[in-house]
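> this one's structure only:
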């Protein structure tokens, strides 16, 4: 039987980030995913690098996390991101007081923000709706998640980690309040005996929790993204209103990704994909940028958000996560396991650092996090990044138009 110090289950941005963080601290780590890396929420997201402005008036802590990590990701990720900037656009029908609350909250939190009148906003974004009343500029951007996940995995591998895509967890053995074995199928087909297990399985974290014999209550929601043929859009566009269906437009080089919806699902592997979600996403986003209504659809996909049920139950705000949650399962009778749930793609590195801190504390490893100050491998070379994506079978639909197939 193989033996690994730490087994990380889930190869999305957070899991790959945990593997990288631990490997840089000198920990022996294995990362597994049941599919290619990033095949869950990371690779099916809308690819927005949040400034925090979306959450500013409703969740100051979450917004502070976003702007801090936004700046770090810009420093370390290179061609894994696109620095577009973003606009929050308020139409004539939208609540002016809501706009002011968001603007004031951004200033208080420290999110760089600038007011734009309608004329200036329309000059900034040709084709913007005639009934724009006001706008604010914030440092949103675009993430290419396939590249980001693969670069994190490559750095982990370069520092001694073992990476196994297509290695589903089939069972977990717990004895005397410790994980003693994890059966891996697929490309591994072996049982490993980790000293510690990190559950970073996103929307599937509840299923891994069941194997561990602990409760990890997830409330996943599905959302659609539609990529339209639209060249020349500069910044990310956000509708400046209470979060609702169809209020984000994310620019790619020759496409615009519109979305999204938020519908609860019981099973992240088996859920409806309704046409109304596609239609409403296009219609609502076209209120900001009317030409989108007639743009040719290129592809559409659904993603499932890994929302933590206790957090969702505590509030009513649609689609606004307060942040991430690190669950130490020693509190549940399994002393060598933890789960990391919730959060956002933008804050993946912070989530990974918090998890790695806990693991190192448990294992007696005295090493500090280095991920905020170390540039990702291949960050300046798209061809190298895309080679990493192919190596880890990490291509997702979000950045399919950007990442080179060969």
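Everything's here; your move. Bear in mind the structure is a predicted one, so any value in this text is a computation, not a measurement.
> so what's residue 125 up against?
87, 233-235, 237, 289 (Cβ atoms under 8 Å, 6 or more residues apart in numbering). In this view, the C-beta of every residue, glycine as well, is placed from N, C-alpha and C.
> what does residue 32 give?
7-11, 164-165, 167-169, 184, 188.
> Which SSE is immediately downstream of the helix or strand where residue 71 lies?
Using DSSP states H and E, the element containing residue 71 is helix 60-77. Per DSSP H and E, the first helix or strand lying C-terminal to helix 60-77 is strand 81-82.
> now the helix or strand that that next one is followed by, how far from the centre of its chain.
Once the chain leaves strand 81-82, the next helix or strand it forms, by DSSP H and E, is strand 86-91. Counting by Cα atoms, centre = their mean, to the nearest Å, strand 86-91 is centred 22 Å from the centre of its parent chain.
> and strand 86-91, what's its mean pLDDT?
Mean per-residue pLDDT for strand 86-91: 98.
> For that strand, enumerate the helices and strands it packs against.
Under the contact definition 3 or more Cβ pairs under 8 Å, 6 or more residues apart in numbering; DSSP states H and E, strand 86-91 sits against helix 96-109, helix 118-124, strand 132-138, strand 236-239, helix 275-288.
> Rounded mean pLDDT for the second one, please.
Predicted confidence along helix 118-124 averages 97 (mean pLDDT).
> so what's residue 236 up against?
Neighbours of residue 236 in contact, by Cβ under 8 Å, 6+ apart: 48, 84-87, 140-142, 248-251.
> Please name the bridge partners of it.
residue 86 (DSSP bridges).
> quick one: what helix or strand has the residue lying closest to residue 48 once chain neighbours are set aside in it?
Of all residues not flanking residue 48 in the chain, residue 250 sits nearest, at 5.6 Å (Cβ to Cβ, 6 or more residues apart in numbering). Assessed by DSSP H and E, residue 250 sits inside strand 248-251.
> Check which element follows that strand along the chain.
Following strand 248-251 in sequence, per DSSP H and E, is strand 255-259.
> what does the helix or strand following that following strand contact?
Going down the chain from strand 255-259, the next helix or strand is strand 263-264, by DSSP H and E. For strand 263-264, the external contacting residues (Cβ under 8 Å, 6+ apart) are 219-223, 274, 277.
> try 10 Å
219-224, 245, 271-274, 276-277, 302, 305, 307, 312 (Cβ atoms under 10 Å, 6 or more residues apart in numbering).
> lowest confidence element among the helices and strands of this protein?
Sorting the helices and strands of the chain by mean pLDDT, DSSP states H and E puts helix 309-313 at the bottom, at a mean of 76.
> Against which helices or strands is the following helix or strand past that helix packed?
Using DSSP H and E, the helix or strand that follows helix 309-313 towards the C-terminus is strand 324-328. If you count contacts as 3 or more Cβ pairs under 10 Å, 6 or more residues apart in numbering; DSSP states H and E, strand 324-328 packs onto helix 309-313, strand 337-342, helix 348-363.
> and the ones you listed as TSV, adding distance to residue 282 and mean neighbour count?
Output for the helices and strands packed on strand 324-328, formatted as TSV (distance: least, Cβ to Cβ, whole Å; neighbours: other Cβ atoms under 10 Å):
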stretch	distance to residue 282	mean neighbour count
helix 309-313	27	15
strand 337-342	29	27
helix 348-363	29	22
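> For the one helix or strand residue 16 maps to, which helices and strands make contact with it?
Element membership for residue 16, per DSSP H and E: helix 13-24. Counting by 3+ Cβ pairs under 10 Å, 6+ apart, the packing neighbours recorded for helix 13-24 are strand 6-9, strand 29-32, helix 145-158, strand 162-164, strand 196-199, strand 337-342, helix 348-363.
> again, only this time at 6 Å
strand 6-9, strand 29-32, helix 145-158, helix 348-363 (3 or more Cβ pairs under 6 Å, 6 or more residues apart in numbering; DSSP states H and E).
> and of these, who's closest to residue 397?
helix 145-158 (9.2 Å; Cβ to Cβ).
> From the chain's centroid, how far away is that closest one?
Centroid separation for helix 145-158 versus its chain: 14 Å, with Cα atoms, centre = their mean.
> Point out where the stretch 201-350 of the chain drops to low pLDDT.
312-322 (pLDDT under 70).
> how many degrees apart are the helix holding residue 71 and helix 348-363 in direction?
90 degrees (axes from the mean of the first three to the mean of the last three Cα atoms, to 10 degrees).
> Go ahead and name everything in contact with helix 60-77.
With contacts defined as Cβ atoms under 6 Å, 6 or more residues apart in numbering, helix 60-77 is touched by 49-52, 55-56, 109, 111, 322-323, 346-347, 350, 372, 375-376.
> List the buried residues for it?
Neighbour counts using 16 or more other Cβ atoms under 10 Å place 62-70, 72-73, 76-77 of helix 60-77 among the buried residues.
> do stretch 135-144 as well
For stretch 135-144, by 16+ other Cβ under 10 Å, it's 135-144.
> on that earlier part again, give me the number of residues near the residue nearest to residue 48?
30 (other Cβ atoms under 10 Å).
> wait, doesn't it sit right on residue 257?
Yes - counting by Cβ atoms under 6 Å, residue 250 touches residue 257, with 4.3 Å between them.
> what residues do those two have in common as contacts?
residue 46.
> Show me what counts as buried in stretch 200-219.
200-209, 211-212, 214, 216-219.
> just checking, residue 284 touches residue 246?
Yes - at 2.7 Å, residue 284 and residue 246 qualify as touching, with contact defined as Cβ under 6 Å.
> who has more neighbours, those two?
Taking other Cβ under 10 Å, residue 284 and residue 246 do not tie; residue 246 has more neighbours (24 against 20).
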